[in-house]
Each structure stands twice: as structure tokens, then as C-alpha cells.
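1. sequence unavailable; structure follows:
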């Protein structure tokens, strides 16, 4: 069963609140442009700050000719998460510590298999 990763989302909340306050202070025309074209106008910097404070970054790697692969998930306010597979085993790490292992199976055959294993074994959302 997948558990929640504990986090303090205060910075994300505050960035979102600032962006919403800015948008509610815009004119109807400016708000219409934002909704139609997804351009932030006067609120662009605040919307970008919200995106940065609330968005996860991911990185995958597969080693050609070697049955090894890894997937990293770096989200604000939660420990860095990683699955790395090789030599028949996949290790799930949270904040650098191994918290679970699973059989590698065909995990490194393609990207979708790696993402599926990251979710099923490590409870990582991709």
C-alpha cells in the first residue's frame, strides 16, 4: 500500500495564494486573456513562482547494453525519491535511504516498465 510522503506545503500554498490574489485583482479583459491564452500578464511572475514552488522534477536513465535503470523524483517539501534497478533487484530510496526492494524483472526493458515499477514498488507518482 502506498503511503503519503510527509511535507510542509506552506511555500506552495503561499505562492498559490499570491497568484490567485493577483488574478482576482485583474480586469475582466486581462483575466479573459489569461484564461484563453494562458499568459499571466501582470501576474506572470507570481504564476511562475507558484509553478516552481508546487511542481515536481523527474529524471530517468537507462544504460544501453546494461540491464540497469533509474528514475528520480524531486518534489518541493518532500524527501528526494529514487528507484534504481540492476543485478536483479530494484531499490526504492527516500532521502537517500533504501526503504524497500523489489525484484527487477523486465523493469529496464523500456521507460513504461520503469515508470510502472516506480509506482507499484516505490509508490512514486510519475
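-> Yes, it's here. Note that the coordinates shown come from a computational prediction; the quantities given were computed from them, not determined experimentally.

2. from now on I want contacts and neighbour counts done on CA atoms only, so please keep to that.
-> Will do.

3. who does the helix or strand of the chain with the lowest mean pLDDT pair up with?
-> Least confident helix or strand, the chain: strand 57-63 with a mean of 78, by mean pLDDT, DSSP states H and E. Strand pairing for strand 57-63, using DSSP bridges, gives strand 68-74 (antiparallel).

4. past the strand it pairs with, which element shows up next along the chain?
-> strand 81-86 (DSSP states H and E).

5. average model confidence for that following strand?
-> Mean per-residue pLDDT for strand 81-86: 92.

6. likewise for stretch 49-56?
-> According to the model, stretch 49-56 has a mean pLDDT of 83.

7. how about the helices in this protein?
-> 10-24, 28-37, 44-54, 111-122 (DSSP state H).

8. these two touch, right, residue 79 and residue 94?
-> Yes. Between residue 79 and residue 94 there is a contact at 5.9 Å, judged by C-alpha atoms under 8 Å.

9. ramachandran coordinates for the residue nearest to the spatial centre of the chain?
-> Centroid-nearest residue in the chain: residue 56, 2.8 Å away (criterion: C-alpha atoms, centre = their mean). Phi and psi for residue 56, reported as degrees, to the nearest 10, are phi -80, psi 150.
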